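>>> take a look and give me a structure for this.
(chains A and B)
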Number of protein chains: 2
Amino acid sequence: MTRIAILTGQNDQYQGLLESQGVAVSQQVAGSPIWLAEPGRAAALLRQGHPPPTWLASTYAGVDALMAEDLPRNYQLTNVRGIFGPLMAQYVFAHLLSHLRQLPLYVQQQARRLWLPHPYPSLEGQCLTLLGTGDIARQIARVGKSFGMTLHGVNRSGREVAGFDRVYPATELKTALAQSDVLVSILPSTPESRRLLNADTLAALPSHATLINVGRGSVLDPSALVAALNEGRLAHAVLDVFDEEPLPADSPLWQHPKITLTPHVAATSFPEQVVALFVQNLTRFKQGQSLLHRVDFERGY
Amino acid sequence: MTRIAILTGQNDQYQGLLESQGVAVSQQVAGSPIWLAEPGRAAALLRQGHPPPTWLASTYAGVDALMAEDLPRNYQLTNVRGIFGPLMAQYVFAHLLSHLRQLPLYVQQQARRLWLPHPYPSLEGQCLTLLGTGDIARQIARVGKSFGMTLHGVNRSGREVAGFDRVYPATELKTALAQSDVLVSILPSTPESRRLLNADTLAALPSHATLINVGRGSVLDPSALVAALNEGRLAHAVLDVFDEEPLPADSPLWQHPKITLTPHVAATSFPEQVVALFVQNLTRFKQGQSLLHRVDFERGY
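All right, here's what the predicted structure looks like:
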């Protein structure tokens, strides 16, 4: 029998779900050829000198913790894909619409028994630009279209993607940003994406634009963001991801009036969905087939 | 030249928009055969004994102020349709997603520099039931579908409507309610819709359900709502419309912890859109054609 070790913050739940599908779980990491693991926990073990498994199945989409240069890469790494799109779309439109329709203001007015309507713009016809055009972006695009938005995407090559009105290559990033009413970054942490949103590129956004970062914190230069907000060159930012998480208590981002901040909750891995993907891949593993959702160590995703 | 009187809270804006389209406006209501009017303002004039115009073009969708029994009905009444769907959908999903993803809680946590993620359910797979299956409901349904929700509708006959997985006749309202995770009423104020949501029907909703009323206040019995919320038979309510507006300061709805309340802002008539519809109908009026968006005084919408 193939031994499988679990390294997550919800081991009991994962064990129960796996056993209900007839998959036995090992209590020992050493000697287990398969790890079902959160990237940070797996990275810590590897850093301690544990030999890597044959297959490491990440329970997260973001595997940047395993891309560090001091860690081995001589194993097969898979992540979870296809399950975050709906949750990401819900987060993006929760925050975008809450801001557009001034929900926090109405909460305050309700507490004061104050009946006072305010004018607002419509989302219809606004331009939503997505950095990244993968499956999460396509799901956000689908919802944006249902609201009557114009959808632009940015990817490496500028290749067309179904569901987008227009896709720009990364080399034309600033052209894309200049047309954006709303900008959403879903980019993973890679050497290429690092600080892609910096003082120079943020300057291309219209001053009325809203920026939402649900990818990785490293993509956005927080100092450049604060400067743009302070100088009125950007209207609002919604941040779910940061260079360091939890965000340090002394960060100026916490209490900036134009920043809405959440503790990395845009898309959570629901164990039921992670296990369903894992069991599917486990069958392939046992049959000697190639694994789905392989991470390319060179690209970093 | 046909004389047109304007009776709104934004007369100057309406006059400018009409004149930019070559339509002259009269300062005199008396003798003007066409009124472009908010229903409440028109009703007040009619009640004072002003003879009705030949055509009264309401700037609102809801014309219940003109349905009072003491008012004349010997004129053509049109309302605005087709422009509220996107705004209503934005309101519904702003509030639904904000509640689901606990945005007010994260606002509080941010103010305290507290990094504390909370679990949440997904909208995907939830059942959204719409009371009403007209153009506003269809727009909400379209967005709900893009989020992967199951869409149920309720209308008089139970006739099928594109975009809905299932439509129930009004006689099976309680069957429809029992399956709802989210219930949205878009119903107009009519004798039939009055207190359709009462102690008896609200009892059919699952206790985890959220109720959103963006139609008319008269549809919902507020006492029955408060009782259901207090007794844990309903999770949350979002109310934009009330029996009396502005909502009186002593209403128990204001500070109920399970009620989110807004001052009738779900869908605003943007004058540009109202004028576009009006000018289209004005051409038909001058040519002796039947008017679009006629209101049936018997049905009340």
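
>>> kindly tell me how buried the closest residue to A:G125 other than its chain neighbours is, as a neighbour count.
Nearest residue to A:G125, sequence neighbours excluded (Cβ to Cβ, 6 or more residues apart in numbering or on different chains): A:G148, at 6.3 Å. Heads up, the C-betas are built off the backbone N, CA and C, glycines and all. By other Cβ atoms under 10 Å in any protein chain shown, the residues close to A:G148 number 18.

>>> wasn't A:G148 part of a strand?
No: assessed with DSSP: H, G, I helix; E, B strand; the rest coil, A:G148 is coil; it does not lie in a strand.

>>> which residues does A:V63 contact?
A:39, A:77, A:79, A:295, A:300-301 (Cβ atoms under 8 Å, 6 or more residues apart in numbering or on different chains).

>>> try 7 Å
Shown in contact with A:V63 (Cβ atoms under 7 Å, 6 or more residues apart in numbering or on different chains): A:39, A:77, A:79, A:295.

>>> out of those, which comes closest to chain B?
A:P39 (16.7 Å; Cβ to the nearest Cβ).

>>> what does the pLDDT read for A:T150?
If you check A:T150, the pLDDT there is 98.

>>> residues of chain A that sit close to chain B?
Within chain A, the positions adjacent to chain B are A:86-87, A:89-91, A:93-94, A:97-98, A:101, A:103-104, A:106-107, A:110, A:113, A:115-117, A:119, A:122-124, A:142-143, A:146-148, A:246-247, A:249, A:254, A:261-265, A:268 by Cβ under 7 Å from any Cβ of the partner chain.

>>> dump the contacts of A:V63 into TSV; add neighbour count as well.
Formatted as TSV, the contacts of A:V63 follow (neighbours: other Cβ atoms under 10 Å in any protein chain shown):
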residue	neighbour count
A:P39	22
A:L77	23
A:N79	21
A:V295	23
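
>>> restricted to helices, list those residues.
A:P39 (DSSP state H).

>>> pick out whichever of the contacts of A:V63 sits closest to B:R216.
The closest of the contacts of A:V63 to B:R216 turns out to be A:N79 (Cβ to Cβ; 49.1 Å).

>>> phi, psi of the closest one?
Backbone dihedrals for A:N79, given as degrees, to the nearest 10, come out at phi -120, psi -170.

>>> ok, it touching A:V295?
Yes: A:N79 lies in contact with A:V295 (Cβ atoms under 7 Å); the separation is 5.5 Å.

>>> still on that earlier bit, how about the contacts made by the residue nearest to A:G125?
By Cβ under 7 Å, 6+ apart, the residues touching A:G148 are A:124-125, B:86.

>>> so among the residues you listed, which ones count as buried?
Among the contacts of A:G148, those classed as buried by 16 or more other Cβ atoms under 10 Å in any protein chain shown are A:124, B:86.

>>> whichever of the residues of chain A next to chain B end up buried, select them in PyMOL.
The following PyMOL line selects those of these that are buried, judged by 16+ other Cβ under 10 Å:
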select buried, chain A and resi 86+87+89+90+91+93+94+97+98+101+103+106+107+110+113+115+122+123+124+142+143+146+147+148+247+254+261+262+263+264+265+268
